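give me the fold of what follows.
(one chain, ligands or ions: 2)
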Amino acid sequence: MTTEETAENSAVEESKGNKTRPRGRVTIFGTWCKGCGLCIEFCPRGVFEVNGQGRPLVAHPERCTACHWCDTHCPDMAITVRRLDEEEVEELEELSQLAEEGALPAGGDL
Ligand code: SF4
Ligand code: SF4
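Ligands and ions are numbered 1, 2, ... in the order given. Purely as a prediction, here's the structure:
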């Protein structure tokens with residue numbers, strides 16, 4: 001099984017009905033990141049966007065399925081992904097819902 005297949009399977013396993021639930025909290029250590037762009041290019045869920053310095057920004061944290069592609073491939077070990085427990089998942093979903101409704105600013109680390 002390839003890495004890509006593993007990531008896809010992980011995303012499918014985390015699906016609930018037609019909606020994929022958030023599963024991971026992503027942290028980037030900015031001083032370690034050299035801006036190679038691997039995580040931005042290959043995250044299967046499009047969690048990252050490029051910031052003004054060409055470095056990754058966790059722009060869509062609610063999309064992370066904790067597949068661990070990014071933290072296992074980052075050449076500088078500049079990313080950690082922690083799998084959320086059920087309570088944290090529900091909390092993140094509520095915050096995402098509020099952001100969608102305009103009650104909170106979108107993006108950033110929720
Ligand atoms: S893979 Fe690591 S070094 Fe490369 S842009 Fe992402 S965080 Fe930075
Ligand atoms: S663990 Fe990393 S690669 Fe996988 S979905 Fe989350 S941010 Fe993307």
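
count the residues that sit near the residue lying closest to residue 32 once chain neighbours are set aside.
Distances taken as Cβ to Cβ, 6 or more residues apart in numbering place residue 78 nearest to residue 32, at 3.8 Å, with adjacent residues excluded. Yep, even glycine has a C-beta here, placed from its N, CA and C like the rest. By other Cβ atoms under 10 Å, 21 other residues sit near residue 78.

now do the strands in this structure.
Assigned by DSSP state E, the strands in the chain fall at 15-16, 19-20, 24-28, 48-50, 56-58, 79-83.

show me what contacts residue 77?
The neighbours of residue 77, taking Cβ atoms under 8 Å, 6 or more residues apart in numbering as the test, are 32, 71.

for ligand 2, see how far away it is.
Distance, residue 77 to ligand 2, using Cβ to the nearest ligand atom, to the nearest Å: 13 Å.

let me know the pLDDT of that residue.
Listed pLDDT for residue 77 reads 97.

and it, how far from residue 21?
Residue 77 sits 27 Å away from residue 21, taking Cβ to Cβ, to the nearest Å as the criterion.

comparing the strands of the chain by mean pLDDT, which bottoms out?
Ranked by mean pLDDT, the strands of the chain bottom out at strand 15-16, with a mean of 46.

pull out the buried residues from stretch 57-72.
Residues of stretch 57-72 classed as buried by neighbour count (16 or more other Cβ atoms under 10 Å): 57-71.

from residue 82, how far off is the most centrally placed residue in the chain?
Closest to where the C-alpha atoms of the chain average out (Cα atoms, centre = their mean) is residue 64, at 3.4 Å. Residue 64 sits 10 Å away from residue 82, taking Cβ to Cβ as the criterion.

I am finished for the moment; much appreciated.
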